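Colleague: Could you look at this predicted model? Sequence included:
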There are 2 protein chains.
Amino acid sequence: MGLERRAYNPKEFLFDPALLKDLDWASVRGYLSPFITNEAPGEGWLWVRPLQIEDFDKGYLQILAQLTSVGNVSRLDFERQYWKMQQSGGYYITVIEDTRSKKIIGAATLVTEFKFIHNCALRARLEDVVVNNTYRGKQLGKLIVLTVSLLAKKLGCYKMSLDCKDPLIPFYKSIGYKLEPGNANSMIVRYEVDNPS
Amino acid sequence: MGLERRAYNPKEFLFDPALLKDLDWASVRGYLSPFITNEAPGEGWLWVRPLQIEDFDKGYLQILAQLTSVGNVSRLDFERQYWKMQQSGGYYITVIEDTRSKKIIGAATLVTEFKFIHNCALRARLEDVVVNNTYRGKQLGKLIVLTVSLLAKKLGCYKMSLDCKDPLIPFYKSIGYKLEPGNANSMIVRYEVDNPS
């Protein structure tokens, strides 16, 4: 079900849904069998679109909880964070809705960062990727990651990166991500916060 | 030379310089010998502070060029990107100025990201760390990275991460960063852009 078939107000989304049109799927055709895109996701009841406030009620946080701890996020907390993201810009949280059940069944976040290097470039990052376990076998993981990756390309980003655990390396390799030899380390330091979830 | 000894207008900086006061240096004391902080950096002519527009003339881009390609960034390009960062929020580019020569001799970027996970947490990233080669032996690399890391802690971030090449792992380990077993992979995809630098 393409976006063009739906009436919508762009302001009702975290980012303009028009950005998800005409992505360069031809460049990643080889990664998908059968070939699907965000505008033709293989099942008519799937809708790939930007996050909306209403997704609080459509299970967006519940699906994130399949990924990591979410904690007790009230609707007010959710709205506040949503508006902070929208005001800041650079947050492209994209979801897959099952329009039959009106539930979010997959999501991925693209975050962009302004740089001075590389001619004041834009850098992209992939965050918080999750697809509901009960929807396996439909390439929805590839679909949602490739959607935001192609969006990063469309926005003019020179590079998109992600951090992942060892078991996910083959998945990301299967859609074009690489571990660059000698330059593939992600290091972290953790801080205690007042409201751990 | 402490910030308190200088008269300044907070609006003249990318972020409020008061944020760099009273960082939790006690928590990282063991990483430094002799002990230095951003407010007492060991030499009276060093000034650790937020980026300013004027740093275009003080060699900020030239020092970034020691790190990677910068390209042809005009003063107008620089100012546009600076204002985009300030308007967006979440950009904490911190520099070390040699106030004798009025040159930028070190820099590091902290970027923060709003999350829904972990009770609408704030995530931190370290980017674009560089210290002029001619200032070795003064712990300035540790100083600038720890300054922005402690700023992330002060801002309430639950985690700070960085991507680095293999030879830099010992340096970051020496100041508390870790490669988490099974979860230390950074993968990327690169895109061609119209104005490669």
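Modeller: It's in.

Colleague: make it CA atoms for all contacts and neighbour counts henceforth
Modeller: OK.

Colleague: Low-confidence bits of chain A, can you list those?
Modeller: A:1-7, A:194-197 (pLDDT under 70).

Colleague: Relative to the whole chain's centre, how far out is the biggest strand by length in chain A?
Modeller: Longest strand in chain A, counting residues (DSSP state E): strand A:103-114. Here strand A:103-114 is found 2 Å from its chain centre; the criterion is CA atoms, centre = their mean, to the nearest Å.

Colleague: do whichever helix or strand comes after it and chain B meet at all?
Modeller: Helices and strands here follow DSSP states H and E; after strand A:103-114, the next one along the chain is helix A:117-120. Yes - Helix A:117-120 comes into contact with chain B (CA under 8 Å from any CA of the partner chain), by way of A:Ile117, A:His118, A:Asn119, A:Cys120.

Colleague: which helices and strands sit right next to the longest strand of chain A?
Modeller: When contacts are defined as 3 or more CA pairs under 8 Å, 6 or more residues apart in numbering or on different chains; DSSP states H and E, strand A:103-114 sits against helix A:60-64, strand A:91-98, strand A:122-131, helix A:140-154, helix B:75-88.

Colleague: If we use 6 Å, what do you get?
Modeller: strand A:91-98, strand A:122-131 (3 or more CA pairs under 6 Å, 6 or more residues apart in numbering or on different chains; DSSP states H and E).

Colleague: Same list (the residues of helix A:117-120 next to chain B) but as CSV, adding neighbour count and distance to A:Leu168.
Modeller: Shown next, in CSV, are the residues of helix A:117-120 next to chain B (neighbours: other CA atoms under 10 Å in any protein chain shown; distance: CA to CA, whole Å):
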residue, neighbour count, distance to A:Leu168
A:Ile117, 20, 30
A:His118, 19, 30
A:Asn119, 18, 32
A:Cys120, 21, 31
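
Colleague: Would you mind naming what in chain A lies close to chain B?
Modeller: Contact residues, chain A versus chain B (CA under 6 Å from any CA of the partner chain): A:69-71, A:73, A:88, A:117-119, A:158-166, A:177-179, A:182-191, A:193, A:197.

Colleague: so which of the helices and strands packed on strand A:103-114 is the most packed in?
Modeller: For the helices and strands packed on strand A:103-114, the largest average neighbour count (mean count of other CA atoms under 10 Å in any protein chain shown) is found in strand A:91-98, namely a mean of 24.

Colleague: Please name the bridge partners of A:Val48.
Modeller: On the basis of DSSP bridges, A:Val48 is bridged to A:Ile96.

Colleague: For it, which residues are in contact?
Modeller: Residues counted as contacts of A:Val48 (CA atoms under 6 Å, 6 or more residues apart in numbering or on different chains) are A:Asn38, A:Val95, A:Ile96.

Colleague: Spatially central residue for chain A, please.
Modeller: The centre of chain A sits closest to A:Ala108, judged by CA atoms, centre = their mean, with a distance of 2.0 Å.

Colleague: For A:Lys138, see how far away that one is.
Modeller: Here A:Ala108 is placed at a distance of 16 Å from A:Lys138 (CA to CA, to the nearest Å).

Colleague: same thing with A:Pro181?
Modeller: Taking CA to CA, one finds A:Pro181 at 32 Å from A:Lys138.

Colleague: Also A:Val148?
Modeller: 17 Å.

Colleague: Same check on A:Ser88?
Modeller: Distance from A:Ser88 to A:Lys138, by CA to CA: 34 Å.

Colleague: and if you look at A:Ser101?
Modeller: Counting by CA to CA, the gap from A:Ser101 to A:Lys138 is 17 Å.

Colleague: So these two - more neighbours on which side?
Modeller: Using other CA atoms under 10 Å in any protein chain shown as the criterion, A:Ser101 and A:Lys138 rank with A:Lys138 on top: 14 against 10.

Colleague: name the element that one belongs to?
Modeller: Here A:Lys138 is assigned to no helix or strand, by DSSP H and E.

Colleague: Just give the nearest non-adjacent residue to it, would you?
Modeller: A:Gly42 (7.9 Å; CA to CA, 6 or more residues apart in numbering or on different chains).

Colleague: Surely that neighbour is in a helix?
Modeller: No - judged by DSSP: H, G, I helix; E, B strand; the rest coil, A:Gly42 forms no part of a helix; its state is coil.

Colleague: wait, what's in contact with A:Asp128?
Modeller: Applying CA under 6 Å, 6+ apart, the residues near A:Asp128 are A:Ala108, A:Thr109.

Colleague: Please repeat the previous calculation with a cut-off of 8 Å.
Modeller: Contact partners of A:Asp128, counting by CA atoms under 8 Å, 6 or more residues apart in numbering or on different chains, are A:Leu64, A:Leu67, A:Ala107, A:Ala108, A:Thr109.

Colleague: Which strand residues bridge the fourth one?
Modeller: In this entry, A:Ala108 is beta-bridged to A:Thr94, by DSSP bridges.

Colleague: Can you get me a residue count around A:Asn9?
Modeller: Neighbour tally, A:Asn9, other CA under 10 Å: 9.
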